[in-house]
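Enquirer: Next comes the sequence, and after it the predicted model I'd like to discuss.
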Amino acid sequence: MIHDVWTYCLADSEFVQLQVAVQPGYSFQWSGRKDPRSREWPQRLHAAFRNYTWKWPGKRVTALASPPEGSSVGQEVDLALAVGVLLGSNQWGAPRPGGFFMFGRVDLRGAVIPVPVRQFPALPDSVEWGCVPHKIKEDFFAENPRIVGVSNLLEVESFVVHGLPPLSQGHIKVQNAVSFPVLRLSSDMQRMLEVVAAGRHPAFWMGPPGTGKTRIARVLWQIDQQLQALPGPFVEPIPPRSSRIGIERWLQDARGGHLFLDEIGEWPLKAIEAMRKPLERSIQELYYSAASNPCPCGFSGHAKRACHCSSARVEAYQRRFSPPWLERFHVIGHVHSEEDEQSVIWPEFLQRVRWARERQINRAGCFNAQLEDELLWSSLCLQSRAAADVRAWQQRQGMGERAVQSVCKVARTLADLEGLQWVQARHIHQAVQYHWSSQGITSRSYP
Ligand SMILES: [Zn+2]
């Protein structure tokens, strides 16, 4: 596949057309405008691609700059070459029609960064759209809506393939102000936390006392603070003793923040049920999560410590969580201390969450947990096997439509974390594992 990409040679202040061919074979060949630095390109771009699960193809890549004579080009054509290679190797979908312009450096993390430019002549006539670093957009293309400012390769893909313009710079930004606690979690648990944080999926944490359920909830709130998703407060109501609870007040207080319902198993049954509808309503306005012991003593299902409750008591306790109530949560996580615990590496964790969130915002304008109705189905991009598998699961388990939607939303986030456009069957299977119906909760009583 051969793609033409317009770019710009800084040394000559002139536009250059880069023709990129990806064909069987194994080498990288750079033709015209000889530049010894061109040998670095495959390694450098490969590193950048890996951050998004793409790669430099194991094929012969030929890049031809025209006109071929003139000064050599440098890192200012990184983005043009990257786009040509990703399109040519079919790792991206087909580009939008029309000639396009790509200009900017790409660092090893896949960020698109500006290079100093003194002037830009008028764009060639055949250029219909393009991507440049934010700084270049502001300085030279502020009046041109077809040239967008981008901060990383994911945003470039969204624009090149789907025509989705990136958010203005600084909408989602990692700051350095918040410091995160040392949190030791098993690799499964880290993964689950990443999914919950990335899609902002309501989560219900079950586990014995002292395993850090509250800490996890607080960390999720800190992540929102850090990524400036929801700057509102962390609200943790005192577990009520009667069914008269101030739901509206809590929702009001937690608006734009995180409402955390702790020790929910100890709440009066009427109070638990009274939360159901308000929580459903509030998902567009705040984030909520809950935590509970799995049984009165707290150790049911624990690998090492014995639960002293009779099975009838465990059942009675867990039956307090009705399926419609559990359905308010996209992920049920069992938190206990396990063997393979490791500290969460926050900078990398946050980077992955941020990228996954950016994909969601660029695609649908909201987080996956908030997808509803038409927007949900239009942004899911389920591969046919994935769609068949989720329906088969629904039939087998007798699940309602809400359960299907919840599993699909989580699967969408799993695909976003991998930088994939299409939700695959394995994402559905993983999402089903997080659903309450896979958690061995004894409740079976659909009202
Ligand atoms: Zn127990």
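Expert: Noted; the coordinates are in hand.

Enquirer: can you list the residues of the stretch 201-350 of the chain near the ion?
Expert: Residues of the stretch 201-350 of the chain lying close to the ion by Cβ under 5 Å from the ion are 295, 297, 300, 307, 309. Using the backbone N, CA and C atoms, a C-beta is placed for each residue, glycine as well.

Enquirer: just the residues you listed: which has the poorest pLDDT?
Expert: Across those, the bottom pLDDT score, 81, is held by residue 300.

Enquirer: What is the burial count for it?
Expert: Other residues near residue 300 come to 25 when the count uses other Cβ atoms under 10 Å.

Enquirer: any idea of the mean pLDDT for the helix or strand where residue 198 lies?
Expert: Taking DSSP states H and E as the definition, residue 198 sits inside helix 187-199. For helix 187-199, the mean pLDDT works out to 95.

Enquirer: returning to what we had before: just send the residues of the stretch 201-350 of the chain next to the ion back as JSON lines, with secondary structure and distance to residue 315 too.
Expert: Below are these laid out as JSON lines (DSSP: H, G, I helix; E, B strand; the rest coil; distance: Cβ to Cβ, whole Å):
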{"residue": "295", "secondary structure": "coil", "distance to residue 315": "9"}
{"residue": "297", "secondary structure": "coil", "distance to residue 315": "14"}
{"residue": "300", "secondary structure": "coil", "distance to residue 315": "10"}
{"residue": "307", "secondary structure": "coil", "distance to residue 315": "12"}
{"residue": "309", "secondary structure": "coil", "distance to residue 315": "9"}
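
Enquirer: Next, give me the two most distant ones among the residues you listed.
Expert: 297 and 300 (7.5 Å; Cβ to Cβ).

Enquirer: Can you tell me which helices and strands the helix or strand that contains residue 79 packs against?
Expert: Taking DSSP H and E as the criterion, residue 79 maps to helix 78-88. Secondary-structure packing of helix 78-88 (3 or more Cβ pairs under 8 Å, 6 or more residues apart in numbering; DSSP states H and E): strand 2-9, strand 14-23, helix 41-50, strand 60-66, strand 99-102, strand 105-106, helix 153-162.

Enquirer: okay, and the common contacts of residue 297 and residue 300?
Expert: 307, 309 (Cβ atoms under 8 Å, 6 or more residues apart in numbering).

Enquirer: before we move on, back to that, just send the helices and strands packed on helix 78-88 back as JSON lines, with mean pLDDT too.
Expert: Shown next, in JSON lines, are these (pLDDT from 0 to 100):
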{"stretch": "strand 2-9", "mean pLDDT": "92"}
{"stretch": "strand 14-23", "mean pLDDT": "92"}
{"stretch": "helix 41-50", "mean pLDDT": "87"}
{"stretch": "strand 60-66", "mean pLDDT": "90"}
{"stretch": "strand 99-102", "mean pLDDT": "96"}
{"stretch": "strand 105-106", "mean pLDDT": "94"}
{"stretch": "helix 153-162", "mean pLDDT": "85"}
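
Enquirer: who wins for proximity to residue 330 among these?
Expert: helix 153-162 (23.1 Å).

Enquirer: In contact with residue 428, which residues?
Expert: So residue 428 contacts 382, 386, 389, 390, 393, 407, 408, 411 (Cβ under 8 Å, 6+ apart).

Enquirer: Keep only those of the residues you listed that are in helices.
Expert: Of the contacts of residue 428, the ones assigned to helices by DSSP state H are 386, 389, 390, 393, 407, 408, 411.

Enquirer: For the ion, state which of those is nearest.
Expert: When the ones in helices among the contacts of residue 428 are compared for distance to the ion (Cβ to the ion), residue 407 comes out closest, at 29.1 Å.

Enquirer: How about the closest one: what's its closest non-neighbour residue?
Expert: residue 431 (4.6 Å; Cβ to Cβ, 6 or more residues apart in numbering).

Enquirer: Buried by neighbour count: which residues of the host helix or strand of the one you found qualify?
Expert: In this structure, residue 431 sits in helix 425-434 according to DSSP H and E. Neighbour-count burial for helix 425-434, with 16 or more other Cβ atoms under 10 Å as criterion, is recorded at 425, 427, 428, 429, 430, 431, 432, 434.

Enquirer: Isn't the fourth one up against residue 392?
Expert: No - in this structure residue 429 lies outside contact range of residue 392 using Cβ atoms under 8 Å: 11.0 Å.

Enquirer: Show the low-confidence segments of the chain, by residue range.
Expert: For the chain, the stretches with pLDDT under 70 are 34, 52, 167-178, 229, 338, 442-447.

Enquirer: again, only using 80
Expert: 32-39, 50-54, 162-180, 210-211, 228-231, 301-304, 336-340, 440-447 (pLDDT under 80).

Enquirer: And for the nearest residue to residue 72 once chain neighbours are set aside, the neighbour number?
Expert: Nearest non-adjacent residue to residue 72, counting by Cβ to Cβ, 6+ apart: residue 35, 3.7 Å away. Residues near residue 35, counting by other Cβ under 10 Å, number 16.
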